[in-house]
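Colleague: fold the stuff below for me.
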Amino acid sequence: MNPRFLKLRTQLSNAKTPAVLVARPKRNVTTLLSATFQTIKSHEWQYKNKFRKDLLNTELRCFSSDKLTTATMETRWRVSTKSLLDRDVTELGSFDSLKWHLAETMLVYWSEQGPDGLANCFLILERLAEEAAANTEAKFTLDIYIVHAVLKAWNRLFRKFKVNHLPSQVLKRLEGCLSKSRFFEPNIATFSIILDGCCYCPNPAERLNFTEHLLGRLLEESETNPLVRPTTVTFSTVINAWARSGSVTAAEKAEALFRNVQGLDENEWPDVKPNSVMYTSVIYAWANAGRPDRAESLLKEMYEDYVVHRNSEVKPNEISFNTVLTAWSKSPSPDAVDSAEALLRKMIELNERGLLESKPSVISYNCLLHTLARSRGYPETVAKAETLFEEMSKLAMETGDKSMEPNLISYTALFKILGAARDTPDIAAITKKWIDKAEEKGFSDEPFLRDQFQTISQRNMKDE
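Modeller: As a prediction, this is how the structure comes out:
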């Protein structure tokens, strides 16, 4: 980013209150915005990728027809951007270095302003491409970090709102700009941000086909352009995108790519190695595809690689184990309860032996409780559920970690188990005990639990 505007040293909080900026009549918006930034520079106010709220709310006083009017900074940004994009107002080829830097700053500003701001960002990028092509002697270039600020803004909005720009469309617009002028040089980080957006894409074809196509293209281009050489992050991002698809085909693709990364020549790819994130993404791919058995097999492989081969890069963590436990909690397999319980006990054992830093969390226990809830109820299920509750409460007391206490999710699973356990001896007394404890925790007002209380109570009255 341009050091004139983005690396100001003095803390804004220590600066004097901004003086009101007065512009003479007939000064256009670009000149006015220029005056604003010159004032910022002269006071050396700090600028960290976006304006502070104090600066954004500064009012500009403008004289027009001898009448004093006020406009917020947001209005100035909008009017100035409109002026920049209007070729009748700002003619093609009229850019100088100051206008170019102002356009860069507009990109930074609009990247923080939501969907409308993102639309302006792409329009400004296209205008900069035209200006760079029209004025080759000036050799205008755009800092790649500003391009990344725009792409990260798109990524954030795409995750939250699923804005209209699909990853393939974003890449097409960038390539359209570069086809006019090579005014910035994309690198692997540029493409990795776009690939990361594929992880949240609602379009399955986009998630699978576009990521595969782009990765293949990067591998091919990297033979002559080292700037776009895929990294561990790139491969992990592609695997994660496929893992979220939830299909066996996607899981097979994810594992195949993972095996290819494992087989890369260390001399040619010294910085690309499987790590915990990549391993866990492949585990998630199989878990999300409804194959907890395959997911657990990969977890065991990951653990052996860490302990036996002393590969610290693939150290399992709580997320790795909980991913498999979650898969078992959704599985209809008759072995689900035994497999999930064995995995939880293994996690506890490894932690006690000092071979695993992560302890089971309340999430780990809740996964096993939900697995029990799917087992359709038999006497052992209720007993196991009560044992898990006692373990969680004991751990919370011994460690002082209140997060280990059974929570609403725990009680929800428990009452599903109790509701299905009609033939369990003394089920009425057991149920009343846990209803009382849930009320002590303040969970009795929760709609689901309230309905469960009523259903179980009515059933117990009939049984009596």
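Colleague: how about the helices of the stretch 151-300 of the chain, start to end?
Modeller: If DSSP state H, counting those that start in this stretch is used as the criterion, the helices of the stretch 151-300 of the chain fall at 167-180, 188-198, 204-205, 211-221, 232-243, 248-262, 276-288, 292-307.
Colleague: could you give the angle of the longest one to helix 276-288?
Modeller: The reference is to helix 292-307. Taking axes from the mean of the first three to the mean of the last three CA atoms, to 10 degrees, one finds that helix 292-307 is oriented at 160 degrees with respect to helix 276-288.
Colleague: that older thread, out of the helices of the stretch 151-300 of the chain, which gets the lowest mean score?
Modeller: Per-stretch mean pLDDT for these is lowest at helix 204-205 (a mean of 82).
Colleague: I'd like the helices of the stretch 151-300 of the chain as a markdown table, with distance to residue 120 and mean neighbour count appended.
Modeller: For glycine as for every other residue, the C-beta is placed from the backbone atoms N, C-alpha and C. Formatted as a markdown table, the entries for the helices of the stretch 151-300 of the chain read as follows, by distance: least, CB to CB, whole Å; neighbours: other CB atoms under 10 Å:
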| stretch | distance to residue 120 | mean neighbour count |
| --- | --- | --- |
| helix 167-180 | 13 | 17 |
| helix 188-198 | 19 | 22 |
| helix 204-205 | 29 | 12 |
| helix 211-221 | 26 | 16 |
| helix 232-243 | 27 | 25 |
| helix 248-262 | 35 | 18 |
| helix 276-288 | 34 | 26 |
| helix 292-307 | 44 | 19 |
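Colleague: count of neighbours near residue 356?
Modeller: By other CB atoms under 10 Å, 22 other residues sit near residue 356.
Colleague: that one against residue 316, yeah?
Modeller: Yes: the criterion here is CB atoms under 8 Å, and residue 356 meets it with residue 316 at 6.6 Å.
Colleague: who's in contact with residue 125?
Modeller: For residue 125, the contact set (CB atoms under 8 Å, 6 or more residues apart in numbering) comprises 107, 142, 147, 150, 173-174, 177.
Colleague: quick one, strands of the stretch 1-150 of the chain?
Modeller: Defined through DSSP state E, counting those that start in this stretch, the strands belonging to the stretch 1-150 of the chain, from first to last, are 21-23, 60-64, 67-71.
Colleague: pLDDT of the shortest one, averaged?
Modeller: In this model, strand 21-23 has a mean pLDDT of 33.
Colleague: try stretch 83-97
Modeller: This predicted structure assigns stretch 83-97 an average pLDDT of 89.
Colleague: quick revisit: redo the helices of the stretch 151-300 of the chain as TSV? Include distance to residue 118.
Modeller: Shown next, in TSV, are the helices of the stretch 151-300 of the chain (distance: least, CB to CB, whole Å):
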stretch	distance to residue 118
helix 167-180	10
helix 188-198	12
helix 204-205	23
helix 211-221	21
helix 232-243	21
helix 248-262	28
helix 276-288	28
helix 292-307	37
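Colleague: need the helices for the stretch 1-150 of the chain, in chain order.
Modeller: Assigned by DSSP H, counting those that start in this stretch, the stretch 1-150 of the chain shows helices spanning 3-6, 29-43, 53-56, 73-85, 97-110, 114-134, 144-161.
Colleague: how about those in a markdown table, adding distance to residue 406?
Modeller: Supplementary listing: these in a markdown table, determined by distance: least, CB to CB, whole Å:
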| stretch | distance to residue 406 |
| --- | --- |
| helix 3-6 | 49 |
| helix 29-43 | 54 |
| helix 53-56 | 42 |
| helix 73-85 | 48 |
| helix 97-110 | 47 |
| helix 114-134 | 40 |
| helix 144-161 | 32 |
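Colleague: for residue 194, find the nearest of those helices.
Modeller: When these are ranked by proximity to residue 194, the top entry is helix 144-161, at 6.6 Å, counting by CB to CB.
Colleague: for the closest one, name the packing helices and strands.
Modeller: Applying 3 or more CB pairs under 8 Å, 6 or more residues apart in numbering; DSSP states H and E, one finds that helix 144-161 contacts helix 97-110, helix 114-134, helix 167-180, helix 188-198.
Colleague: please enumerate residues in contact with it?
Modeller: Contacts made with helix 144-161 from outside it, assessed by CB under 8 Å, 6+ apart, are listed as 1, 49, 104, 107-108, 111-112, 114-115, 117-118, 121-122, 125, 163, 165, 167, 170, 174, 184-187, 189-190, 193-194, 196-197, 200-201.
Colleague: buried residues in it?
Modeller: By neighbour count, with 16 or more other CB atoms under 10 Å as the criterion, the buried positions of helix 144-161 are 144, 146-151, 153-158.
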